[in-house]
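# coords please:
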Amino acid sequence: MNSTIRLGLVILLVAVVGGAASSAQTPRLNKVMRDKLTHSQYILEAVVTSNWQLLDRHSRELAQASHDPAWSALRMPQFVRYGDAFLRATDDLIAAAQLRDLEAASLGFVSLTTSCVSCHRYMTRARTVTTRP
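Purely as a prediction, here's the structure:
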């Protein structure tokens, strides 16, 4: 379990550092992304402590963030794929909370953070390509 927690923290840190500052990111989108990060931190806490109510609540709130117009403004073909993976991971976390399944919850958290890191990496590369002279 310790290696799963460490991996999750590393992935979360990479997502924040790799995609936090962008001139293309609006203040509203920045708030949505910060809220998603906060929910992700609570999800990690819930997984580590087996707090099923906390896991359910923050997984649902994280999934709800995908309906924010600021986040959905990023809809481009590749982004849709990452968004779908993100929503599948939140659904897996909600199901794990309902089943009180620690193994599924930890795997769901890893899937969630992997979807975030993959998307942030893609967005960073896409901005780099479009801003080169």
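
# in the helix ranked longest in the chain, which residues are buried?
Taking DSSP state H as the assignment, the helix of the chain that covers the most residues is helix 102-131. The neighbour-count check on helix 102-131 (16 or more other CB atoms under 10 Å) flags 104-120, 122-123 as buried. Every C-beta, even on glycine, is put in place using the N, C-alpha and C of the backbone.

# just stretch 33-40 next, same as before
33, 35-37, 39-40.

# what mean pLDDT does the helix or strand harbouring residue 54 have?
Using DSSP states H and E, residue 54 sits within helix 52-65. Helix 52-65 shows an average pLDDT of 96 in the prediction.

# that helix vs helix 102-131, what angle?
In terms of direction (axes from the mean of the first three to the mean of the last three CA atoms, to 10 degrees), helix 52-65 departs from helix 102-131 by 30 degrees.

# got a list of contacts for helix 52-65?
32, 35-36, 39-40, 42-43, 45-47, 71, 87, 90-91, 93-94, 96-98, 100, 105, 108, 112 (CB atoms under 8 Å, 6 or more residues apart in numbering).

# what's the spacing between it and its chain's center?
Relative to the chain's own centre, helix 52-65 is displaced by 12 Å; criterion: CA atoms, centre = their mean, to the nearest Å.

# among the contacts of helix 52-65, name the ones in helices.
Checking the contacts of helix 52-65 against DSSP H, those in helices are 32, 35-36, 39-40, 42-43, 45-47, 71, 87, 90-91, 93-94, 96-98, 105, 108, 112.

# alright, that wraps it up for me.
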